[in-house]
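Colleague: here you go, sequence then predicted model.
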Amino acid sequence: MDFDFRQPRHVLAFVLLSISFLLLIVYAVVSYFEPIPETSGIGSYTGVTQLLFEIYLVAFSLIFVVILMVIIPMLWYVLVNRLRFSEILQRLRLSRERLGPALYWGIVTAIAALMLSVVLDVIILRFGVDTSNLSNIPQLQQLFPLPALLVLITVQPIAEEIFFRGFILEKLSAFAGPTTGIIGSAVLFGVAHLSYGMLYTVVMATGLGVLFGIVVVRTKNLYASMLAHILVNVTSISLFLLGKSIGV
């Protein structure tokens, strides 16, 4: 094991990674049990002020997730594992080798993920639960206008995949094997979605995390899960907006 508490740079890496977990995982758990008051969004702003606020909100959100999910894990690889950038990409499975098959399986995984969503909705409907109230998209729409939301759902999955199916999956797999890596990273991915305040979102995210982890391990390529994640996000919000426009 490379980590050593006697090394100051290792301690720094540990502190930074702890901050990531604190803000991504612990915060989500706390916010689930102690919900934050709903925001009114940005509807009170108009004109140039609204545009500037939208740009600021999107930029802040993207910078926030990139620091926590991309930069800090890479710093761990540099400070603890002493890897070069090319070696970090290899650890994260960000490889252009066999990219075609990886993207193909990414599409297949996205289809499987959407089918899983449908199956879960059908099961929930049999218990008389209104699934229209289980989506987290309306919550996101309160914060972001549609153009900004589209940017987020296509960019943020890249950071999430680097953190959960890249860094965490790699570390857990090295410690306890790929099965533990897949399940462990999926559970953490699901727990991180507790911030939306719905157990349904956690269950769905965990299931998707398992599918994404499997395709990464099978293809040995993180681009597969990145594509699958983006496709699921874009398809989900497109179907939601379509249903909303026709009154479904």
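Modeller: Right, received. Where do you want to start? Residues are numbered from 1 along each chain as shown.

Colleague: what about the nearest residue to Asn81 once chain neighbours are set aside, neighbour count?
Modeller: Setting aside the residues directly before and after it, Asn81 is nearest to Asp2 in space (CB to CB, 6 or more residues apart in numbering), at 5.2 Å. Glycine gets a C-beta too; all of them are placed from N, C-alpha and C. Residue neighbour count, defined by other CB atoms under 10 Å, stands at 13 for Asp2.

Colleague: what's the distance between Asp2 and Leu231?
Modeller: 35 Å (CB to CB, to the nearest Å).

Colleague: buried residues of stretch 228-238, list them for me.
Modeller: 228-233, 236-237 (16 or more other CB atoms under 10 Å).

Colleague: and of those, the nearest to Val78?
Modeller: Proximity of the buried residues of stretch 228-238 to Val78 (CB to CB) peaks at His229, which lies at 25.5 Å.

Colleague: can you pull out the helices in this protein?
Modeller: 8-21, 27-33, 47-66, 72-79, 85-91, 99-125, 137-143, 146-161, 169-176, 178-192, 199-219, 222-245 (DSSP state H).

Colleague: pick out the shakiest of those helices, pLDDT-wise.
Modeller: Lowest mean pLDDT within those: helix 137-143, at a mean of 71.

Colleague: and the nearest residue in space to Leu16 that is not next to it in sequence, what does it touch?
Modeller: Spatial nearest neighbour of Leu16, chain neighbours left out: Ile72 (4.8 Å); criterion: CB to CB, 6+ apart. Residues in contact with Ile72 (CB atoms under 8 Å, 6 or more residues apart in numbering) are 16-17, 19-20.

Colleague: narrow those residues to those that are buried.
Modeller: Buried among the contacts of Ile72 (16+ other CB under 10 Å): 16-17, 20.

Colleague: redo the buried residues of stretch 228-238 as CSV? Include distance to Leu62.
Modeller: Formatted as CSV, the buried residues of stretch 228-238 follow (distance: CB to CB, whole Å):
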residue, distance to Leu62
Ala228, 21
His229, 16
Ile230, 15
Leu231, 20
Val232, 19
Asn233, 15
Ser236, 20
Ile237, 17
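
Colleague: middle-most residue in the chain, spatially?
Modeller: By CA atoms, centre = their mean, the chain has its centre lying nearest to Glu160, at 3.6 Å.

Colleague: how near is that one to Ala186?
Modeller: 12 Å.

Colleague: ditto for Phe33
Modeller: According to CB to CB, Phe33 and Ala186 sit 22 Å apart.

Colleague: cool, Leu146 as well?
Modeller: Distance of Leu146 to Ala186, given as CB to CB: 29 Å.

Colleague: which of these two has more residues huddled nearby?
Modeller: Taking other CB under 10 Å, Leu146 and Ala186 do not tie; Ala186 has more neighbours (24 against 10).

Colleague: ok, for that one, nearest residue in space, not its chain neighbours?
Modeller: Closest residue in space to Ala186, ignoring its immediate chain neighbours: Gly209 at 3.0 Å, by CB to CB, 6+ apart.

Colleague: confirm for me that that neighbour is in contact with Phe163.
Modeller: No - Gly209 lies out of contact with Phe163 (CB atoms under 8 Å); the separation is 11.5 Å.

Colleague: neighbour count for the two, which is higher?
Modeller: Shown here are Gly209 and Phe163; by other CB under 10 Å, Gly209 has more neighbours (29 against 24).

Colleague: who touches that one in this structure?
Modeller: With contact set as CB under 8 Å, 6+ apart, Gly209 has these partners: 164-165, 185-190.

Colleague: and which of the residues you listed is nearest Leu222?
Modeller: For the contacts of Gly209, the nearest to Leu222 is Arg165 (6.1 Å; CB to CB).
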